[in-house]
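>>> Output the structure for:
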Amino acid sequence: MTGFRVAMEPADWLAAADLIDWSVSPQVALDTGKAPLCRWFPDGRLNTCHNALDRHVEAGHGDRPALIFDSAMTGDRRQYTYAELRDEVARVAGMLRSLGVGKGDRVLIYMPLVPEAVMAMLACARLGAVHSVVFGGFAAPELAKRIVDASPALIVTATCGLEPSRVVEYLPIVAQAQALAQSDVPKLVLRRPQHEVALDPANEHDWHTLLDRAEPAAPVDVAATDPLYILYTSGTTGTPKGVVRDNGGHAVALAKSMALVYGARPGDVFWAASDIGWVVGHSYIVYAPLLTGCTTVLYEGKPVGTPDAGAFWRVVRDYGVDILFTAPTAIRAIRREDPDGTHIAAAPLASLRALFLAGERADPDTLEWIEQQLGVPVIDHWWQTELGWPAIAICLGLGERETRSGSAGKPVPGFDIAVLGRNGERLPAGESGDVAIAAPLPPGCLSTLWANDEGFVSTYLAARPGYYTTGDNGFFDGDGFLHIMGRSDDIINVAGHRLSTGAMEQVLAAHPDISECAVVAGTDPLKGHRPVGFFVLRSGAQRDEATVAREVVERVRAEIGPVAAFREAVAVPGLPKTRSGKVLRATLRQIVDGQPYTPSATIEDPAMLSHAQAALARAGITQPALQQEDPA
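Numbering: from 1, shown residues only. Down below sits the predicted model:
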């Protein structure tokens, strides 16, 4: 069962390689000689920065806007044409070279969402260096782990990042991280006017001073199999995993994805409302739009609060955004503040062709609301940091428009996706199991983990021989739409019945007074697990917390059945999330069970954890409780 699509063969990918420029064109699509460590386009050579910038200028498109920067935090607005961005990136590359950075060196980038951060990434690619972007404001111990693992030759940072209510000073965090990592590598520092500090001349270099005297650097050829970047994703053991993306497969896959999935064309304005610290920012703020010749939007701000729930629609209107890509969490936040869509109605959005959602499961209620408000296709699609580009989607480039409630779409050509049973068999439509992708993975996916081939195999390939394990659970319906129901560890066992907390969340999210929710498994000494729900009331909710809690319990009982044993739901002011919008369900599980926990280094607002604890305490469910048998 592959979702009724034909997977792309290696020969198809060799044809797709024509989407980019090569200094040495590949004649071989796939090298499986060291399987399961496979490599795409092993005999090809190229430069990714050349493909993102120089080739568009050389083709006569130097005056086309390449990058639009809009900061809701400072009011700063800047635009760069392809020629201007190429010239600036060449100078930044020259600046990095003057600090000793060369081909194969790692450069750790710890920056706010400003154009200079994008330039630093592209400058590394220009030199053949390997960048590792860490989300600005990341805690020092987590930053230290990444410094130890990547062993960078240089750290590129800034004096501060900006949050709506505070200035986040970066240099003390970097200093603490370097002390923990016992690293004394030099730092290149962008001084922002919001936090001016004196730099240490011994190992801190001023961005603007060095840039003024930098000589432009030309693109350096690299092998298609050479690493372009390392992007760390948290590991279950607390040790971050350094996902490695190669140059050749990455460029081909992202160029292919823009036309195939998003229906994007050169000259379109493409806005991924994310951060470069996450994979979405790598793939769809920086590389994919520029490889395609689009104009990419870089937005420093929030969906609400900077200044209001109309922020996104202002950006769409002001810059004529054709395609918007954001997280479902952002749409839920907007809906919570503006349930009637008054800001949307007030902003002419004639340019917008489609809205794509990813990063967190999009509940059908939110999808229906935003689709009604915008009047354009709203497409929930699915992928992971490791995959680098969409694996499940409705492909606009194929002329597809039909969506299915609760589904992220169908497998994207190139991905042979299966739903597997406990013994590794492919399950038929309608049966839930582990979502896996047949190996070898297509171009653009991780090639390995940094300096850890063995860890790559054991983490992703060993559990299901012949498959990459996604860690998600789901099922195909009879029409080939794949429904991702949540992480495999979110499948809970209630008195011997395997149930999806994602299915329960879908019931809660459909309640008209709930803006967002999460259902997690608590430990139950009789049934094994019991589901516990957390929900956030919508602005202007018609019912009080107790009434909503009672109603959602009744709805789950009616729609999923008494077997779910769903009796506990509590209201909270907000869900604990990472800065990328993912709900910290594992931490909520620990809170429900009264276990000690360590707040995630990427948590957006730590206060939400104490709010969850308090809500459970008020309801008397902070510890595992012996549940009575349901008389039904």
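>>> continuing past the lowest-mean-pLDDT helix or strand in the chain, what's the next helix or strand?
The helix or strand of the chain with the poorest confidence is strand 497-500; it has a mean of 66 (mean pLDDT, DSSP states H and E). Using DSSP states H and E, the helix or strand that follows strand 497-500 towards the C-terminus is helix 501-509.
>>> How about residues contacting that next one?
361, 363-366, 406, 473, 484-486, 490-492, 514, 516-521, 531, 533, 535, 552, 555-556, 559-560, 564, 566, 569, 585 (Cβ atoms under 8 Å, 6 or more residues apart in numbering). Using the backbone N, CA and C atoms, a C-beta is placed for each residue, glycine as well.
>>> same thing with stretch 559-573?
In contact with stretch 559-573 (Cβ under 8 Å, 6+ apart) are residues 494-495, 497, 499, 503-504, 507-508, 519, 522, 524, 527, 530-537, 545, 548-549, 552-553, 556-557, 608, 611-612, 615-616, 618-619, 621, 627, 630, 632.
>>> First-to-last residue distance for it?
End-to-end distance for stretch 559-573, by Cα to Cα, to the nearest Å: 26 Å.
>>> Stretch 464-484 too?
With Cα to Cα as the measure, stretch 464-484 spans 18 Å from end to end.
>>> Same check on stretch 104-124?
9 Å.
>>> So for that stretch, what gets flagged as buried?
105-124 (16 or more other Cβ atoms under 10 Å).
>>> Could you list which of those residues belong to helices?
Taking DSSP state H, the ones among these that sit in helices are 115, 116, 117, 118, 119, 120, 121, 122, 123, 124.
>>> from those residues, which single one is nearest residue 57?
Residue 57 has its nearest neighbour among these in residue 122, at 13.4 Å by Cβ to Cβ.
>>> Could I get the contacting residues of the residue nearest to the closest one when sequence neighbours are not counted?
Closest residue to residue 122 apart from its sequence neighbours, by Cβ to Cβ, 6 or more residues apart in numbering: residue 89 at 4.6 Å. Listed by Cβ under 8 Å, 6+ apart, the contact partners of residue 89 are 49, 53, 119, 122, 123, 126.
>>> do that again at 10 Å, thanks
Counting by Cβ atoms under 10 Å, 6 or more residues apart in numbering, residue 89 makes contact with 49, 52-54, 66, 80, 118-126, 216-217, 219.
>>> Do you have the strands of the stretch 501-632 of the chain handy? List them.
Along the stretch 501-632 of the chain, counting by DSSP state E, counting those that start in this stretch, strands occupy 514-524, 528-537, 568-571.
>>> could I get those strands as CSV with mean neighbour count?
Output for these, formatted as CSV (neighbours: other Cβ atoms under 10 Å):
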stretch, mean neighbour count
strand 514-524, 24
strand 528-537, 23
strand 568-571, 22
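>>> nearest to residue 578, of these?
Ranked by Cβ to Cβ, the member of those that lies closest to residue 578 is strand 514-524, at 13.0 Å.
>>> Quick one: mean pLDDT over that closest one.
Across strand 514-524, pLDDT averages out at 89.
>>> quick one: strands adjacent to that strand?
If you go by DSSP bridges, strand 514-524 pairs up with strand 528-537 (antiparallel).
>>> Only C-alpha atoms, please: export the partner strand in CSV.
Extracted C-alpha coordinates of strand 528-537, given in CSV (Å, rounded to 0.1, in the frame of the first residue of the first chain):
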residue,chain,number,x,y,z
GLY,A,528,-2.5,0.4,32.4
HIS,A,529,-3.2,3.8,30.9
ARG,A,530,-5.9,6.4,31.2
PRO,A,531,-6.3,9.5,29.0
VAL,A,532,-6.1,13.0,30.5
GLY,A,533,-7.1,16.1,28.5
PHE,A,534,-5.9,19.6,28.7
PHE,A,535,-7.8,22.4,26.9
VAL,A,536,-7.6,26.1,26.3
LEU,A,537,-10.9,28.1,26.1
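>>> picking up where we left off before, using TSV, lay out the strands of the stretch 501-632 of the chain together with distance to residue 244.
Output for the strands of the stretch 501-632 of the chain, formatted as TSV (distance: least, Cβ to Cβ, whole Å):
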stretch	distance to residue 244
strand 514-524	32
strand 528-537	36
strand 568-571	42
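>>> Read off the pLDDT value for the closest residue in space to residue 349 that isn't next to it in sequence.
Closest residue in space to residue 349, ignoring its immediate chain neighbours: residue 316 at 5.4 Å, by Cβ to Cβ, 6+ apart. On the pLDDT scale, residue 316 is placed at 98.
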